[in-house]
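Asker: take this sequence and fold it.
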Amino acid sequence: MSAPDSFLGRLDAGDAAALSATGNTRDYEPGDVLFREGDPGDSVVIVLAGHVKIVSTAADGREIVLGVRGPGELLGELSAIDGAPRSGSGWALGAVRALIVPRPAFQAFLDRTPRSAAPLLEVLARRVREASIRQLEFGNPDTLGRVAMRLVELADRHGRADEVGTEITLPLTQQELAEWTSLSREAVVKALQAMRRLGWIETGRRRITVLDCEALRERAQLSV
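Answerer: Reported below is the predicted structural model:
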């Protein structure tokens, strides 16, 4: 089911059905690559189920996680607009079903349905805002604050409330969390240990449950 604030979720039912008819549905296994950085931007991808990790390679060869996109999210929108190569790679986090729409078909859809421009602009604005926040984070030496900021985002966007707290439903590894915060794995491990001691989180294998989201949010705001 698409998130209501996603690109697909913001289209009306008729437009969503029309867009779906222009592409093909594909299934991906965990770890499969949907597209690679530098590939031709000859299609857009709409996530129908599961989550996709978007990764870019830094100048020093490090992989940086740019974000995680879930159901209804549009991928490859910039390449669809300007025809440039893809600026990141997409990897399946768990099983993924996606709609692949060729670039000409997507452009034709936008021409036929001018009202779809508003959801597309909202996607672009959100991505610009996310990129600005990432730039601020990467220049911030406050490790605990950076990890707290990421956990707050994950809890807000991918959290599931239970009797204990809010479980982050994405199966992220500590290495992937490190790549997302542009920190070393060791630094992230130490930050998570400190948060466990403070009673803010519980952790398990590929599982983080936020026990005190307000404490995390306050700590994240201190690092901005």
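Asker: next SSE downstream of the helix-or-strand element of the chain with minimal mean pLDDT?
Answerer: Counting by mean pLDDT, DSSP states H and E, the chain has its least confident helix or strand at helix 117-138, which shows a mean of 79. Proceeding N to C from helix 117-138, the next assigned helix or strand is helix 143-158, under DSSP states H and E.
Asker: average pLDDT for that next one, rounded please.
Answerer: Per-residue pLDDT values over helix 143-158 give a mean of 90.
Asker: cool, stretch 193-208 as well?
Answerer: For stretch 193-208, mean pLDDT is 92.
Asker: span of it from start to end?
Answerer: 12 Å (CA to CA, to the nearest Å).
Asker: please point out which parts of that stretch sit buried.
Answerer: For stretch 193-208, a neighbour-count test (16 or more other CB atoms under 10 Å) marks 195, 200-201, 208 as buried. Where you see a C-beta, it was placed from the backbone N, CA and C, and this is true even at glycine.
Asker: tell me which stretches of this protein form strands.
Answerer: Assigned by DSSP state E, the strands in the chain fall at 24-28, 33-35, 43-57, 63-69, 74-75, 89-102, 159-161, 166-168, 201-204, 207-210.
Asker: quick one, the first one and strand 89-102 angle?
Answerer: Here strand 24-28 runs at an angle of 160 degrees relative to strand 89-102 (axes from the mean of the first three to the mean of the last three CA atoms, to 10 degrees).
Asker: from the buried residues of stretch 193-208, which is closest to Ala59?
Answerer: Nearest to Ala59 out of these is Ile208 (CB to CB; 30.1 Å).
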